[in-house]
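[1] okay, structure incoming, though there's no sequence with it:
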């Protein structure tokens, strides 16, 4: 009787698709009641607070900064489900979601939570047997789904878990003990490939708002804290960024060799495709922020897979987006996949000009001309030091200059670049 009353109050739950909010029962068949229409008893709130303390310990979040806010009451009647998805950051500082399943008889409705290659299944046996309330908390970037309820009604409360802003992290962390092995590994890389930034792929995927030191999760927060003293010891610059990889390969769904358009038997199961030659594999970094989490206007930085340090190898990353083009008569039979990772990037300050030139000659020359203009304001020793910096920057640009004999299509662009660049060079002799 209580559930019938709830269903009469509830509305069909939508889901978010990019910037849109859509109601589609083929994707999500759930009823919902807004938080403003739900109140919790003092006893329930007390138990909830105890659960949040436990969650903070397990997820390695600061309990003093962790806030819990009711989002929705959800009702899954027989046949209800929700296809795999990720929760959006509905509130500032949201880092995780909490699902509290209330005791009521039902079958099915398991919650499947995935993170990278790991998958966890929660059946809520105590709740489904009407014994007690059960809860599960997981980071917001984890993909998850609710399997179809086969009988009864599954009722749950969902909460947003948010980290309040704490004190701003200082870049200098001399009080932290340096991780010797980490320092040695980074130093070894810098000895052989100093001009190639090191890219630490984070365990979790962060939005632009969430990619700040105060909101890093679990192992990512530990990595950041260990990198700070190492980068200071080795005089390196540390940034946050978003890594994107686009991989295009030959793929066959069985249509190759049959010679007529539309013969392909692709059913939507990408694992059944026969994957072959790689046509294109590009990795780039953008969405830049400094070590304090402040946005930086930097162009995309090309990256090689060898520069990526990741708990899972690049080839084992799971693509959130795939696009297969079958045989068309002219081209086709390609599989495009896109991968995304949040990352911490570092490079030696001594290599900053080489890194800037990797971001593109247009950008590098623009920054070079700015540096030359600033040089004119100095005198004496400061002028001498500024001149040395400009010369070093100019040498880095020249090393990256395109070969005009092999790139005739770039001639107009390089003529314009060379003109601005060349006119500034004689100033460095005075």
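    Sure, I can see it. Computed from a predicted structure; not experimentally measured. Numbers count the residues shown, from 1 in each chain.

[2] CA atoms for contacts and neighbours, from now on please.
    Noted.

[3] can you give me the helices for the stretch 1-150 of the chain?
    2-9, 42-58, 125-128 (DSSP state H, counting those that start in this stretch).

[4] and the longest one, what does it pack onto?
    Right, helix 42-58. Under the contact definition 3 or more CA pairs under 8 Å, 6 or more residues apart in numbering; DSSP states H and E, helix 42-58 sits against strand 66-76.

[5] buried set for the strand it packs on?
    Using 16 or more other CA atoms under 10 Å as the test for burial, strand 66-76 gives 66, 67, 68, 70, 71, 72, 73, 74, 75, 76.

[6] now it and helix 42-58, what's the angle there?
    Going by axes from the mean of the first three to the mean of the last three CA atoms, to 10 degrees, strand 66-76 is angled at 110 degrees with respect to helix 42-58.

[7] thinking again about what came up before, out of the helices of the stretch 1-150 of the chain, deepest packed?
    helix 125-128 (a mean of 20; mean count of other CA atoms under 10 Å).

[8] which one of the buried residues of strand 66-76 is nearest residue 182?
    residue 66 (29.9 Å; CA to CA).

[9] now that closest one: how far from residue 238?
    27 Å (CA to CA, to the nearest Å).

[10] with residue 385 instead?
    24 Å.

[11] these two - which one has more neighbours?
    Legend: neighbour count by other CA atoms under 10 Å for residue 385 and residue 238, higher for residue 238 (23 against 14).

[12] list the contacts of the more buried one.
    Residue 238 sits next to 228, 231, 290, 291, 344, 345, 346, 347 when contact means CA atoms under 8 Å, 6 or more residues apart in numbering.

[13] now with 10 Å, please.
    171, 197-198, 224, 227-228, 231-232, 289-292, 344-349 (CA atoms under 10 Å, 6 or more residues apart in numbering).

[14] just the buried ones from these?
    Among these, those classed as buried by neighbour count (16+ other CA under 10 Å) are 197-198, 224, 227-228, 231-232, 289-292, 344-349.

[15] so which of these sit within helices?
    224, 227, 228, 231, 232 (DSSP state H).

[16] can you put those in TSV and add pLDDT and distance to residue 191?
    Listed next are these as TSV, based on pLDDT from 0 to 100; distance: CA to CA, whole Å:
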residue	pLDDT	distance to residue 191
224	95	22
227	95	18
228	94	19
231	93	15
232	92	17
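
[17] need those residues in JSON lines (columns: distance to residue 320).
    Converted to JSON lines, these look like this (distance: CA to CA, whole Å):
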{"residue": "224", "distance to residue 320": "25"}
{"residue": "227", "distance to residue 320": "29"}
{"residue": "228", "distance to residue 320": "31"}
{"residue": "231", "distance to residue 320": "32"}
{"residue": "232", "distance to residue 320": "35"}
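
[18] would you list every one of the strands in the stretch 151-300 of the chain?
    Ranges of strands within the stretch 151-300 of the chain are 154-163, 198-201, 236-252, 274-290, based on DSSP state E, counting those that start in this stretch.

[19] make TSV out of those strands and add distance to residue 377 and mean pLDDT.
    Shown next, in TSV, are the strands of the stretch 151-300 of the chain (distance: least, CA to CA, whole Å; pLDDT from 0 to 100):
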stretch	distance to residue 377	mean pLDDT
strand 154-163	45	95
strand 198-201	35	96
strand 236-252	26	93
strand 274-290	27	92
